[in-house]
Each structure stands twice: as structure tokens, then as C-alpha cells.
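Participant: A structural model of the following input is requested.
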Amino acid sequence: MPDAAPPSDAAGPENTAGRDAAARDAAEEESAFSHPPVDPDATAAYGDHPDQVIDFYAPRGSGAAAPPALAPLVVVLHGGAWRAPYDRRHISPFADFLARRGFAVASVEYRRGADAPDRPGEAPVAGRWPDTFDDVAAALDALPALVREALPQADPGRTVLTGHSAGGQLALWAAARHVLPADAPWRIDGPAPLRGVVALAPIADFAVAEKLDVCGGASGQLLGGEEQFPLRQPYADPALLLPTGIATTLVQGRTDVVVPQAVAESYAEAAAKAGEVVGLTLLESAGHFPLIDPAADACAVVAEEIAQLAW
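Facilitator: Numbering: from 1, shown residues only. Now for the predicted structure:
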């Protein structure tokens, strides 16, 4: 690709700022994806489909920082706009990072969109309805039994859900299953036994995400398109599933151009209107990907936010 021409005065500072933001985002993404995948200590299936599996990472420390006999359990839901090319492998360095911080970690895979786009040149379709939600619900329901077998070092009584981007939406949704509409197949009778949720740059408000065209309209695709969106939104949109009564913190980079700050702020405002206080940690000079990048300071902040709920 040839070098771009220097910006003219007519281009204006907004265009220059946009190019700078895009370049910064690309560099942050490259750093986050530069880490080789980390193999889990164990993997267990919660269903028959190849994507219905959970990877387990045992807690580990170094020297005096060795983990206790039973460690808090962090359940990780990866992002990738609910699209098939992005699986749990890209977040495995983050799962390993948490394990090295002394947490027991369960990284959940789930069915995502079709493997190929509808038409050549298009992005793959986001999500599968209702399969994506079926899987997250089934994984969380199966987790206690699977943990006892695959990760005996974990204390399921101290479980924190975390997820990045689309995975942040799924984490918030999974913690809100008891407030789903009465006819929802995923509804449970009472709050899940969680210490809390730490959602990382989550797609937490579908109306705002669609208005901003987050990830190319991924939330609309997840719900099946324009006609289905208003019918399915009450069953899937975290901003409509409040209050949950479960401690919740959002971590958001101020310079995030993938899932902008406005999405997290809208969720926090919706929670406040519902009578619930949601923490919102805004990180200066951090975009979308440093939150799951073990080499970034933002990732250490995320671990601390999880620790505050878990320990």
C-alpha cells in the first residue's frame, strides 16, 4: 500500500485525530495478538458440538506468591463480535495471565456466527440465535460439576464472570438470567451464585451499539437482523436486564474506537435508573485491546478489579 499523502489544511484536525486513533488501535491490536496461544491444563465438554468446551487453567504463582489451596474461579468469555473466526485461543494469554495471578480460570467456548460470510467480501455473520445463548447458559450450568473434576484447586463459591467486548455482553447477560422475560428458555429462578462481573469494553447496550455501528452492526446480526431485533432485544440486551443485584464493574478504555466509551456509559446510566450502582473504571490512553493484553498496564488493572470482587 503506498504511503498516504500528507494531510492538507482542508482535511482538518478531526480527520488527523481519526487517523491517529486508527493507527493507535491497530498497534494495540497487534500487541494483544502477538502473544502465542497458551494451552490449558485441562479441557472439558459441556455439550456435543465441537465448540461446546471449556478450557481450564490452574492457579499458579511464583515463589512466595504461590496460590492458596483453593483459588477464586474466574470465568472468561472471549470477544470477537460473536463471529466464527474469533475463538477462545486469542484470549488464552489473558487466561494464563490471570492464572499466574493466582486465579483458577475457566475459558468458555461457544457457538458463534457462520463460518463464512453470506457474500464474498462481507464480514462473517455475528452470532447464532439462539445457539450462542444456549451455549453460554449451558456452560454456566455445567460449570460447577466440571470444575470439581477438571480444576479441584478452584473455589466455585468465589466465582467472578469476566468477558471482553462481545464476551462482555455475554458475561453481563449470564449474570442477568434471573431477570430475563418469564418465557425465556435461559431464565433461572434466582441470581447466580457469583461474587460479581467485570465486563471489559462490553457491548452492553444494543441500541447505542447499533446507532454507532459497533463492529459493523454485530449486535443486530446477533439478534437476526432488523425485523427480529426489537423482538429479541429484551431477551439479550444487558441494558434492558436491570437491576441484577450482582456486583458489576465495567472497565473501559477512553480511546477505544472499537466499542466506544458511550456504550459502557449508557449501560451504567441504565443501571442507575434501575436503582443499581455499577462501577465504571475508565482508563486513560487505553483502547480496546490492552484490556486483554498481558503486556499492557490496563491488563493489570483488570486483574485488580477482578481481585477486588473475588478475594
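
Participant: can you list the low-confidence ranges for the stretch 101-250 of the chain?
Facilitator: Within the stretch 101-250 of the chain, the segments meeting pLDDT under 70 span 115-119.

Participant: helices of that one, residue ranges please.
Facilitator: 131-150, 166-174, 206-211, 218-222, 229-236 (DSSP state H, counting those that start in this stretch).

Participant: out of the ones you listed, nearest to residue 122?
Facilitator: Proximity to residue 122, assessed across those by Cβ to Cβ, is greatest for helix 218-222 (10.5 Å). Backbone N, C-alpha and C define where each C-beta goes, glycine included.

Participant: tell me what that closest one is packed against?
Facilitator: Packed against helix 218-222 by the contact rule (3 or more Cβ pairs under 8 Å, 6 or more residues apart in numbering; DSSP states H and E) you find helix 166-174, helix 206-211.

Participant: so which of those helices is the most packed in?
Facilitator: Comparing the helices and strands packed on helix 218-222 by mean neighbour count (mean count of other Cβ atoms under 10 Å), helix 166-174 comes out on top with a mean of 30.

Participant: if I look at residue 51, how far off is residue 91?
Facilitator: 14 Å (Cβ to Cβ, to the nearest Å).

Participant: same question for residue 84.
Facilitator: Look at residue 84 and residue 91: by Cβ to Cβ, they are 15 Å apart.

Participant: would you mind telling me which of the two has the busier surroundings?
Facilitator: Neighbour count, other Cβ atoms under 10 Å: between residue 84 and residue 91, residue 91 has more, with 26 against 19.

Participant: biggest strand in the protein, by residue count?
Facilitator: Using DSSP state E to define each element, the chain has its longest strand at strand 154-164.

Participant: tell me the buried residues in that strand?
Facilitator: For strand 154-164, a neighbour-count test (16 or more other Cβ atoms under 10 Å) marks 154-156, 158-164 as buried.

Participant: which among those gets closest to residue 123?
Facilitator: Ranked by distance to residue 123 (Cβ to Cβ), those are led by residue 164 at 18.5 Å.

Participant: residues touching the closest one, list them.
Facilitator: Residues counted as contacts of residue 164 (Cβ atoms under 8 Å, 6 or more residues apart in numbering) are 77-79, 91, 94, 200-202, 291-292.

Participant: distance of residue 138 from residue 109?
Facilitator: Distance from residue 138 to residue 109, by Cβ to Cβ: 12 Å.

Participant: pull the contacting residues for residue 87.
Facilitator: 51, 78, 80, 109, 112.

Participant: what does residue 73 give?
Facilitator: Applying Cβ under 8 Å, 6+ apart to residue 73 gives the contacts 103-106, 147, 151, 154-156, 158-160.

Participant: now the two most distant members of those.
Facilitator: Largest separation among those by Cβ to Cβ: 151 and 160, giving 14.6 Å.

Participant: can you check the pLDDT for residue 309?
Facilitator: Residue 309 carries a pLDDT score of 97 in this model.

Participant: tell me how many other residues surround the residue lying closest to it once chain neighbours are set aside.
Facilitator: Sequence neighbours aside, residue 196 is the residue nearest to residue 309 in space, at 3.6 Å (criterion: Cβ to Cβ, 6 or more residues apart in numbering). Look at residue 196: counted by other Cβ under 10 Å, it has 20 neighbours.
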